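K.L.:
Here is the input, now give the coordinates:
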Amino acid sequence: MMDLYTLFIDNVFGSFWMAVVALVLINGLILVMGGVSGYSVGLFLGIFLLAMALGYGYNILTVPILIIVIVWSIFQMTKFIEER
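P.N.:
Modelled structure (predicted):
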């Protein structure tokens, strides 16, 4: 029986990063058609890319995405605190 890694990576897309790009496009399309804001779509896809880069072990992709997510989270927390 074939597993999902073999199906998506080997048979459909050909490589790991091509599968990641295709899944980002598919997820982005689903989110946009669902009426999610562009800012939230970018955040969701960024976190998805972060998870994929962490799993594959690419620090050159992981570190900038992690910094962006942490800075965004800090700004959101301070904005929430200031509004209260």
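
K.L.:
any weak-confidence spans in this structure?
P.N.:
Within the chain, no range satisfies pLDDT under 70.

K.L.:
Select the longest helix from it.
P.N.:
helix 59-83 (DSSP state H).

K.L.:
And the contacts of that one?
P.N.:
Helix 59-83 is contacted from outside by Leu43, Gly46, Ile47, Leu49, Leu50, Ala53, Leu54, using Cβ atoms under 8 Å, 6 or more residues apart in numbering. (Each C-beta comes from the backbone N, C-alpha and C, glycine too.)

K.L.:
Let's see that with 10 Å instead.
P.N.:
For helix 59-83, contacts defined as Cβ atoms under 10 Å, 6 or more residues apart in numbering pick out 17, 20, 39, 42-43, 46-56.

K.L.:
from those, which would you call buried?
P.N.:
The neighbour count (16 or more other Cβ atoms under 10 Å) marks Val20, Leu43, Gly46, Phe48, Leu49, Leu50, Met52, Ala53 as buried among these.

K.L.:
For these, work out which two are farthest apart.
P.N.:
Taking Cβ to Cβ as the measure, the buried ones among the contacts of helix 59-83 span a maximum distance of 16.9 Å, between Val20 and Leu43.

K.L.:
coming back round to it: now, which of the buried ones among the contacts of helix 59-83 lie within helices?
P.N.:
Counting by DSSP H, the buried ones among the contacts of helix 59-83 place Val20, Leu43, Gly46, Phe48, Leu49, Leu50, Met52, Ala53 in helices.

K.L.:
Quick one: neighbours of the closest residue in space to Ile47 that isn't next to it in sequence, just the number.
P.N.:
Spatially, and ignoring its direct neighbours in sequence, Ile47 is nearest to Val69 (6.4 Å; Cβ to Cβ, 6 or more residues apart in numbering). Counted with other Cβ atoms under 10 Å, residues neighbouring Val69 total 14.

K.L.:
do the same with Thr6
P.N.:
Thr6, neighbours per other Cβ under 10 Å, totals 11.

K.L.:
Distance check, it against Phe13.
P.N.:
11 Å (Cβ to Cβ, to the nearest Å).
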